[in-house]
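Asker: Sequence below, structure please.
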Amino acid sequence: MAGIHLHPHDILDEGIENIYRHLAKMGHIKTLFPQVNTIFERNPNPIGHLPHNPVHPVVMGNGKLYAPIDPQSVSPRLYQVGDQVIQDHDPLQMLLDFNQAQYQVIPWVNIFNGQFAGEIQENAIYDFRGNIVKEWLCPNSPDVLPMWTKTLRLLAEKYGFHTFMIDRIRYPDWSGKHINPQELFTCFCSHCQSKMKHQGIEPKQVILEMEQIASMLKKNDFQIAVDTYLQSTFIQNWLRFRQNSITQFVQSLQHQTPELTYWIDLWPPAYSWILGQDYQELTKISKTLKHFPYHKLGGGADVQGFIEYFAKDEPTQEAAYHAFGQLFNLPFKQTYQEFKRFGFPIQFVQAENLKARILSQPGTFIYSGIQMWNISNEHLSEAIQAGRSSEADDLIYYCYGWAELRHFKVIESLTDS
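Answerer: The predicted model follows:
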């Protein structure tokens, strides 16, 4: 049941026949995950070009919807903006028309992050200093759940989908268009603050603690900042509040659309907790998950961007990286210079899949994400073998359009091994 992610530009620029020709080389792909709505991401990320796209060397994700439906008609207060290209071309329908049941097709939908219109200020995420976090929606805001309930139903009715992979079911991390660690200290919109108070959490106390941590980081007191973050009762209660907020959103979405099944795309366990994702609770709702323990890329996190945001010289960077490892309970000893050269050790793949298995409900089907770009053949092979020998049930490759043709051949050589 191995799968692979597809972006709209893959289908529109390369054509389905070319895509299927490359996928056939991989041998064991059974499931396609076409992206329904994009995020604000460079394709490929962070550098390079699209190696087999005949139209665009680079595509910048615009956060728009790539399906010719009218979400505004069912959710006028809040809706996702559609891309103009769908007036003439429908990548999802193009895929379905050609597919003829050759592959299972599970649409991949980004929930809280994108280009939305309507009552944005009422539904946005706000950081601890009252700044709006652009292009992010809050799970506790009033219009997000109704919007997605109605939009997903429109997609299901148009295309006949019964299962969706939902992604970006979390709070912002520190990366995106720009590095901004302040976005980890979210959300403090009026809805979240009211809900916190109802649950016995005083937002002002949490904010005061965050200001102190921010001051420590500014002074390069990284270890003290991490210790404070992990030991503060206010911060720990707030972290549980965020996890409960994400879980309750997904639970409500499932309750309001009982005819649909949701698979969930999560961050690896090392990071998921800080972004509001609770494996144990979320897998009570969804029986299938994918996470991405990309060892060469620091587990999918922009580790280098985070470290160098705070630390400018090598000794300070080493201190910051050491504190980073303690914050996320990384079990291996490694210098920052070693990380920049090699990424995390390959043991990260198996360790994170073991954590995912332990944290998830019994019987959860776990996909281990495989980095398929900016990677050597040797390291790709190493990652595939590590994923296969781990507690994961199968693999999902990220992603088709970013992979070089030589990567398809590597996977083909391992298909029957």
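Asker: For the nearest residue in space to residue 63 that is not next to it in sequence, give me its contacts.
Answerer: Leaving out its chain neighbours, the residue that sits closest to residue 63 by CB to CB, 6 or more residues apart in numbering is residue 115, at 3.6 Å. C-beta here means a position set from N, CA and C on the backbone, and glycine is covered the same way. The contact partners of residue 115, by CB atoms under 8 Å, 6 or more residues apart in numbering, come to 62, 63, 64, 80, 81, 135.
Asker: Check residue 170 too.
Answerer: With CB under 8 Å, 6+ apart, residue 170 has these contacts: 112, 246, 266, 267, 272, 275, 276, 277.
Asker: Let's see that with 7 Å instead.
Answerer: By CB atoms under 7 Å, 6 or more residues apart in numbering, the contact set of residue 170 is 246, 267, 275, 276, 277.
Asker: can you name the two of those residues that are farthest apart?
Answerer: Greatest spatial distance among these (CB to CB): 246 and 267, at 11.4 Å.
Asker: Can you check which residues contact both of these two?
Answerer: 170, 277.
Asker: Which one's more surrounded, the two?
Answerer: Legend: neighbour count by other CB atoms under 10 Å for residue 246 and residue 267, higher for residue 246 (24 against 21).
Asker: Can you check which helix is longest in this structure?
Answerer: Under DSSP state H, the helix in the chain containing the largest number of residues is helix 233-256.
Asker: Just say helix, strand or coil for the residue of the chain most remote from its centre.
Answerer: Farthest-out residue of the chain from its mean C-alpha position, per CA atoms, centre = their mean: residue 315, at 31.4 Å. Under the three-state scheme (DSSP: H, G, I helix; E, B strand; the rest coil), residue 315 adopts helix.
Asker: Any figure for the gap between it and residue 284?
Answerer: Residue 315 sits 46 Å away from residue 284, going by CB to CB, to the nearest Å.
Asker: How about residue 261?
Answerer: Distance, residue 261 to residue 284, by CB to CB: 14 Å.
Asker: try residue 363
Answerer: Per CB to CB, residue 363 is found 11 Å from residue 284.
Asker: Among the two, which residue is more densely surrounded?
Answerer: Higher neighbour count among residue 363 and residue 284: residue 284, with 15 against 7, using other CB under 10 Å.
Asker: Contact partners for the more buried one?
Answerer: residue 361.
Asker: Wait, a helix at it?
Answerer: No. Per three-state DSSP, residue 284 lies outside any helix segment and is coil.
Asker: can you list the weak-confidence ranges in the stretch 1-150 of the chain?
Answerer: By pLDDT under 70, the stretch 1-150 of the chain has no low-scoring segment.
Asker: Surely residue 359 and residue 282 touch.
Answerer: No. Counting by CB atoms under 7 Å, residue 359 stays clear of residue 282, with 9.5 Å between them.
Asker: Neighbour count: the two, which is higher?
Answerer: Counted by other CB under 10 Å, residue 359 and residue 282 do not tie: residue 282 has more neighbours, with 24 against 18.
Asker: Look up how far residue 276 lies from the more buried one.
Answerer: According to CB to CB, residue 282 stands 10 Å off from residue 276.
Asker: just residue 337 next, same as before
Answerer: In this structure, residue 337 and residue 276 are 32 Å apart, going by CB to CB.
Asker: Ok, residue 16 next?
Answerer: 36 Å.
Asker: ok, now residue 194?
Answerer: Counting by CB to CB, the gap from residue 194 to residue 276 is 18 Å.
Asker: So those two - more neighbours on which side?
Answerer: Shown here are residue 194 and residue 276; by other CB under 10 Å, residue 276 has more neighbours (25 against 12).
Asker: residue contacts, residue 146?
Answerer: By CB under 7 Å, 6+ apart, the contact set of residue 146 is residue 75.
Asker: Equivalent analysis for residue 346, please.
Answerer: Contacts of residue 346 (CB under 7 Å, 6+ apart): 295, 382, 386.
Asker: Kindly recompute the last result at 10 Å.
Answerer: Contact analysis of residue 346 by CB atoms under 10 Å, 6 or more residues apart in numbering lists 295, 296, 379, 382, 383, 385, 386.
Asker: what's the pLDDT at the fifth one?
Answerer: So that's residue 383. pLDDT, residue 383: 97.
Asker: That one falls within a helix, correct?
Answerer: Yes. Assessed by three-state DSSP, residue 383 belongs to a helix.
Asker: Number of residues surrounding it?
Answerer: Using other CB under 10 Å, residue 383 has 25 other residues around it.
Asker: and what of the first one?
Answerer: Neighbouring residues of residue 295 were enumerated by other CB under 10 Å; the total is 25.
Asker: for the second one, same thing?
Answerer: Residue 296 sits with 18 neighbouring residues when counted by other CB under 10 Å.
Asker: check contacts around it.
Answerer: Shown in contact with residue 296 (CB under 10 Å, 6+ apart): 342-344, 346, 348, 371, 374-376, 379-380, 382-383.
Asker: Please enumerate the strands of the stretch 251-400 of the chain.
Answerer: Secondary structure of the stretch 251-400 of the chain by DSSP state E, counting those that start in this stretch: the strands cover 261-265, 288-291, 365-371, 394-398.
Asker: Show me what the shortest one is packed up against.
Answerer: The elements that strand 288-291 packs onto, with contact taken as 3 or more CB pairs under 10 Å, 6 or more residues apart in numbering; DSSP states H and E, are strand 163-167, strand 261-265, helix 269-272, helix 279-282, helix 347-359, strand 365-371, strand 394-398.
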